[in-house]
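S.K.: need coordinates for the following:
(one chain, ligands or ions: 1)
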Amino acid sequence: MRILVVEDEKKLAGFVRKGLEEHGFGVTVSHNGDEADTLLRAEPFDLIVLDIMLPGRDGLSILKNLRDRKNTVPVILVTARSEANERVAGLNLGADDYIAKPFYMDELLARVQAVLRRTSGDQLSVLRAGDLTVNLITRKVTRGKEEVVLPPREFGLLEYLMRSPGRVFTRSQILEHVWGYSFDPGTNLVDVCVQRLRAGIDAAGRESFIEAVRGVGYRFRKLEGV
Ligand code: CA
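M.R.: Numbering: from 1, shown residues only. A predicted model of the protein is given here:
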């Protein structure tokens, strides 16, 4: 799941990014309201954590633009203690929840998960292939009756590939989406992560769910009858 964090306090934005990434979410950060508004017209996100006071366009105006375009992406407003009026205005404009600064990361995470649970049906939040089930909200992965515990990067990689079964993704695409790198750090990060993922989800002696496409990258294949 991809979350857009719009927050001009760089330290706070970094802290939120780290906390969300540790829980396997893909995170894009924007420090400017106009930039965030442009991003939201160009890319789909699964949720937005939206500060109100921003350089450029403010958070309420970004939210209003979204809802005017009939974009229903869930929005959690981040408000200062003094912004009670803005909070009410935001909820009236169609925000799904708010959190007041200062907050604990655990509280933001709980709100993110609650909003995602409320706004997405089972179809959107659970990916299935054979006996492999991935719940994108609780982040629980099961193979048959057994729970598979995956670290955040492996989970992010599985989700990314599994959302588009059969489609081949290059290492650069994977690096950018799962690690947020816009460059290739020249390591075999992706390949090592694929190996760990396979060890977690593949049954011994069976074909792997993750197929290497020589010279290109990787894809998820739906194995029948497993
Ligand atoms: Ca601010």
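
S.K.: can we go C-alpha only for contacts and neighbour counts from here?
M.R.: Fine.

S.K.: which residue does the protein have closest to the ion?
M.R.: Met53 (4.2 Å; CA to the ion).

S.K.: mind listing what that residue touches?
M.R.: Neighbouring residues of Met53 by CA atoms under 8 Å, 6 or more residues apart in numbering: Gly59.

S.K.: for Gly130, grab the count of nearby residues.
M.R.: Residue neighbour count, defined by other CA atoms under 10 Å, stands at 13 for Gly130.

S.K.: let me know the pLDDT of it.
M.R.: Note for Gly130: predicted pLDDT of 86.

S.K.: that one and Ala203 touch, don't they?
M.R.: No. Counting by CA atoms under 8 Å, Gly130 does not reach Ala203; the two are 11.6 Å apart.

S.K.: around the ion, which positions in this protein sit nearby?
M.R.: Residues of the chain that fall close to the ion, judged by CA under 5 Å from the ion: Met53, Leu54.

S.K.: and the residue of the chain closest to the ion, how far from Arg128?
M.R.: Separation of Met53 from Arg128 (CA to CA, to the nearest Å) stands at 41 Å.

S.K.: what does Glu9 give?
M.R.: Glu9 is 39 Å from Arg128, where distance means CA to CA.

S.K.: for the two, indicate the residue with more neighbours.
M.R.: Each of Glu9 and Arg128 has its neighbours counted (other CA under 10 Å); Arg128 has more, 16 against 12.

S.K.: what about the more buried one, which SS state?
M.R.: Following DSSP: H, G, I helix; E, B strand; the rest coil, we place Arg128 in the strand state.

S.K.: ok, and the closest non-adjacent residue to it?
M.R.: Val134 (6.3 Å; CA to CA, 6 or more residues apart in numbering).

S.K.: ok, Thr119 next?
M.R.: Spatial nearest neighbour of Thr119, chain neighbours left out: Pro74 (7.1 Å); criterion: CA to CA, 6+ apart.

S.K.: my guess is the one you found meets Arg111, correct?
M.R.: No. Counting by CA under 8 Å, Pro74 stays clear of Arg111, with 11.1 Å between them.

S.K.: okay, and for the protein, where does confidence drop off?
M.R.: Counting by pLDDT under 70, the chain has low-confidence residues at 121-124, 185, 224-226.
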